[in-house]
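In: from the sequence below, what's the structure:
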Amino acid sequence: MENDKMSATEPLYKNPNETQNTFKKLPLFHPYSRRFHMLLMMMIGFFTIVSMRINMGFAMTCMVNSTAVTISELARKNKEQNVSYSPDVFWSNESQSANFNEVKNVVGKCSHQTDNSGTLVNDYGGELVWDPNIQGWIFSSIFYGSIITILPAGYLADTQSPKTLATISVLIYIVGTALTPFIAIHGGWVPLFICRILMGLGDGLTIPAINKLVTLWIPIEEKSTAATIYTTGFPLASIIGTVCYVKQ
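Out: Here you go, the predicted structure:
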């Protein structure tokens, strides 16, 4: 009766050698291999987390009004140099004015725009006026959070359920990603910066939890092969994200 109630990973703590032999009944790449199924789920998990980590780099293009940012930066630099500046003067050229007016009319539309002559306007009609410094803080915010939890996460993965840690990590990412548009529009960049730091706290839990799961499920001689499978989620997220970003 006690053996029937034993969990799947409990034998590892009692008799690791026996468990390793049990797990090796099927080859790693067998369609019914639970080890292979676990690695595929880990790969999907990595793909999901990395996608939510890097999507801000693509979304920022649609969120920020690059034309307004450029004008603000030029005004600031000219003010520092004691040079009078007016957007009307800067956009005095007829074609430039046409582009500027076209950009102002597409706020809220996230797609590349063209003016009346068919010239591509390098602006997606974003509403947020965030300069490059603010954008830099937003991009780096996740790593501020992950550096806080990466060391405690290793201890937690050894003493707690790695499956629970991985689940918590993904849930933090999902909630933070879902709230990002609302926070950015209604709260501003500082609340968004804090939100992404919290997402980074979840990010720091991911790798220790995944590594612990690999330790529990994969025999020593298959660990290198296993690593090549589940880490495939990293490049897949970058590749698919880039494809989604390409202008049509």
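
In: what is the burial count for Arg53?
Out: As a burial measure, Arg53 scores 22 neighbours (other CB atoms under 10 Å). (C-beta placed from N, C-alpha, C; glycine too.)

In: ok, how many other residues are close to the nearest residue to it once chain neighbours are set aside?
Out: Leaving out its chain neighbours, the residue that sits closest to Arg53 by CB to CB, 6 or more residues apart in numbering is Ile142, at 5.9 Å. Applying other CB under 10 Å, we find 25 residues neighbouring Ile142.

In: same check on Val175?
Out: So Val175, with other CB under 10 Å, has 14 neighbours.

In: any idea how far Gly202 lies from Val170?
Out: As for Gly202, its distance to Val170 is 8 Å (criterion: CB to CB, to the nearest Å).

In: swap that for Thr149, sorry
Out: 14 Å.

In: check which helices and strands the helix or strand harbouring Pro181 is in contact with.
Out: Take DSSP states H and E as the rule and Pro181 turns out to sit in helix 162-186. With contacts taken as 3 or more CB pairs under 8 Å, 6 or more residues apart in numbering; DSSP states H and E, helix 162-186 sits against helix 34-63, helix 132-159, helix 189-217.

In: in the chain, what helix or strand scores lowest on average pLDDT?
Out: Lowest on mean pLDDT, DSSP states H and E among the helices and strands of the chain sits helix 94-104, with a mean of 44.

In: so which of the helices and strands packed on helix 162-186 is the most surrounded?
Out: helix 189-217 (a mean of 21; mean count of other CB atoms under 10 Å).

In: could you list the buried residues of the next helix or strand after it?
Out: Per DSSP H and E, helix 189-217 leads on to helix 223-230 as the next helix or strand towards the C-terminus. Neighbour-count burial for helix 223-230 flags 226-227, 229-230 (criterion: 16 or more other CB atoms under 10 Å).

In: between these, which is closest to Phe29?
Out: Ile229 (9.3 Å; CB to CB).

In: chain neighbours aside, what residue packs nearest to the closest one?
Out: Looking at Ile229 with CB to CB, 6+ apart, the closest residue is Leu39, at 4.4 Å.

In: try Arg196
Out: Ser141 is the one closest to Arg196 (CB to CB, 6+ apart), at 3.8 Å.
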